[in-house]
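> okay, predicted coordinates and the sequence, questions at the end:
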Amino acid sequence: MTRPVATRQRLPLALLLPAGLGLFFLVLPLLGLLARAPWTTLPRRLAEPGVLTALRLSLETATLATLLCVALGVPLAWLLARVEFPGRRLVRALVTVPLVLPPVVGGVALLLVFGRRGLLGSWLDAAFGVTLPFTTPGVVLAEAFVAMPFLVIAVEGALRGADRRYEEAAATLGAGRWTTFTHVTLPLVAPGVAAGAVLCWARALGEFGATITFAGNYPGRTQTMPLAVYLALETDLQAAIVLSLILLTVSVTILAGLRDRWVGTP
Amino acid sequence: MTVPWIRAALAGAAALALGLTGCAGTADGPAAEAGGGRVTVFAAASLTESFTKLGKDFEAAHPGTTVTFNFAGSSALATQITQGAPADVFAAASPATMKTVTDAGDAAGDPATLVRNQLVVAVLRGNPGKVAGLADLARPGVKVALCAEQVPCGSAARQALDAAGVRLTPATLEQDVKGALAKVRLGEVDAALVYRTDARSAAGELDAVEFPESAQAVNDYPIVVLKHAGNPDGARAFLDYVRSDAGLAVLAGAGFQAPQNR
């Protein structure tokens, strides 16, 4: 039963055909945007003051949300992957709730907790005079809520796939759990953390529903690119297409750059 | 050796075919049904309560006919219609948004003015912030939600504020009037400029403060049968029904005013 090399390397059509169709399906709407883009008025539209403000706010809030997700999500992923505790399966299910929750509902839920009359929000307001709705930190919070599961799932997967013998060896050599985590586990799963962070950032950048519900919409303060696109759509389809193209170009450029640099090509 | 390969290919093709027909089925559904006894009405968010009631009344008066609604910001609806969304009737909250549809050649005939609507200040029940008029909205510490200027309630708010000479920085510019109303209901803002009809729809939770400058920003609500209506007869019957005395009585009950030309 020796197989010739040539047959073995031939690509199976049963995979190639649906793969091509899948790619086509994902790319086609993008082509639609490009086909309908008002190329002649593009430079003038790019120079409109609101555009850069919204883009900068989007990039800043998505980056801050990603940092928040990494700071809280990596330890959470470690807990889920490495520590046996009762109810772990339930906790794992709870972590994925923001993935299935419609973002608008997520926004209302955030208001009920962090809003002016919310469970924590009323206390924050009374004790520190801090209100989160309608502020830029509110945007970061909304984006982090929606994007964190992407990071946790990616990092937990990387932790489960990582060879535990290195950690066990470190432990036998006398390293504590914290030292093992920082010196062995973290370097081992760094590509997974980077991949998760990139995914998390992309999700935060495109966030719309939770943001407009929890943080509202005000130019320069809470109006991110997706909100600007939605409002532009109300009056001016062409402007909405231009804004979408900018967001796409910037995000694809950054994501492609990061992939090659940190995540590595698989 | 070739058998598993063929089986895999067949399985793949079958799955693909299933997937494709599945998608096509859902896409065809609503369009195919529109030709029957179904009238699809695209209406401004502020018409939600009164049109839902009128739809039920119309269905009762015309057995076998179902009315389905798509309520949203007028401008979003206008965009959906000019991009080919299957609708029979369009009721907008401003002539400007209606003009988008008539300019695109998507209307059958000229729009008729159905009703008019005026702005009020919606505040929490009991008016804890003691808002008496537009000027109070500019007080420090008063959080206000307005509609974005791209939607009719936002441009009306802008006109009213300009007429009153009030300058304020709102906490948020909402994408439609219901969004602004929800922010007051949740207690996240102290006041919002919404239509009288929207404030009335939330009368149990909210109070409405009338202000004289709202006369400077009265919105006409045009309604029209669309050119590509799948059910033009049903569409015309629905339009006649909402413009009948019975229909206008329901609209007046919701807080709308009769148009001036009637």
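Yep, it's here. Residues are numbered from 1 along each chain as shown, chains lettered A, B, ... in the order given.
> for chain A, which element, helix or strand, carries the lowest mean pLDDT?
Considering only helices and strands, the least confidently modelled element of chain A by mean pLDDT, DSSP states H and E is helix A:5-9, at a mean of 57.
> so which residue of chain B comes closest to chain A?
Relative to chain A, the nearest point of chain B is B:Thr172 (2.7 Å; C-beta to the nearest C-beta). For glycine as for every other residue, the C-beta is placed from the backbone atoms N, C-alpha and C.
> so where do the strands sit in chain A?
Assigned by DSSP state E, chain A shows no strands.
> residue numbers of it in contact with chain B?
Proximity of chain A to chain B (C-beta under 8 Å from any C-beta of the partner chain) is limited to residues A:12-15, A:17-18, A:21, A:108, A:111-112, A:115-117, A:133-134, A:212, A:215-219, A:222-223, A:230-235, A:237.
> could you rerun that using 6 Å?
Within reach of chain B by C-beta under 6 Å from any C-beta of the partner chain, chain A has these residues: A:14, A:18, A:111, A:115-117, A:133-134, A:216-218, A:231, A:233-235.
> burial of B:Gln159, as a residue count?
17 (other C-beta atoms under 10 Å in any protein chain shown).
> list the contacts for the residue lying closest to it once chain neighbours are set aside?
Excluding the flanking residues, the one nearest B:Gln159 by C-beta to C-beta, 6 or more residues apart in numbering or on different chains is B:Ala217, at 3.9 Å. Residues in contact with B:Ala217, defined by C-beta atoms under 6 Å, 6 or more residues apart in numbering or on different chains, are B:Ala156, B:Gln159, B:Ala160.
> which SSE is immediately downstream of the longest strand seen in chain B?
In chain B, assigned by DSSP E, the strand with the most residues is strand B:107-117. Next along the chain after strand B:107-117, taking DSSP states H and E as the criterion, comes strand B:119-124.
> just checking: what are the partner strands of that following strand?
Strand B:119-124 pairs in its sheet with strand B:191-195 (antiparallel), strand B:206-209 (antiparallel), by DSSP bridges.
> any chance of those strands in TSV, with mean pLDDT too?
Below are the strands paired with strand B:119-124 laid out as TSV (pLDDT from 0 to 100):
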stretch	mean pLDDT
strand B:191-195	94
strand B:206-209	94
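> could you check how far A:Val146 is from A:Leu46?
Counting by C-beta to C-beta, to the nearest Å, the gap from A:Val146 to A:Leu46 is 28 Å.
> how many residues are close by the residue of chain B closest to chain A?
A total of 27 residues lie near B:Thr172 under the criterion other C-beta under 10 Å.
> before we move on, what about A:Leu52?
A:Leu52 is flanked by 12 other residues according to other C-beta under 10 Å.
> how about the one 4 residues further on?
The local packing of A:Arg56 (other C-beta under 10 Å) involves 13 other residues.
> repeat for B:Ala61
By the measure other C-beta under 10 Å, the count of residues near B:Ala61 is 12.
> so A:Pro38 touches A:Asp236, yeah?
No - judged on C-beta atoms under 6 Å, A:Pro38 makes no contact with A:Asp236 at a distance of 9.9 Å.
> those two - which one has more neighbours?
A:Asp236 (17 against 14).
> per-residue pLDDT, the more buried one?
In this prediction, A:Asp236 carries a pLDDT score of 78.
> find the residue at the geometric middle of the chain.
No chain in the question, so chain A it is. The centre of chain A sits closest to A:Cys200, judged by C-alpha atoms, centre = their mean, with a distance of 2.1 Å.
> wrong chain, I was asking about chain B
Central residue of chain B (C-alpha atoms, centre = their mean): B:Ala44, 1.9 Å from the mean position.
> ok, and the closest non-adjacent residue to that one?
B:Ala93 (3.7 Å).
> centre of the chain to stretch A:82-96, how far?
Here the centre of stretch A:82-96 is set off from its chain's centre by 21 Å, with C-alpha atoms, centre = their mean, to the nearest Å.
> state the distance from A:Arg45 to chain B.
Taking C-beta to the nearest C-beta, to the nearest Å as the criterion, A:Arg45 is separated from chain B by 16 Å.
> just give me the neighbour total for that residue.
A count of nearby residues for A:Arg45, using other C-beta under 10 Å, gives 19.
> and the nearest residue to it once chain neighbours are set aside, how far is that from A:Thr211?
Leaving aside its chain neighbours, A:Arg45 sits nearest to A:Val242 (4.7 Å; criterion: C-beta to C-beta, 6+ apart). A:Val242 sits 20 Å away from A:Thr211, going by C-beta to C-beta.
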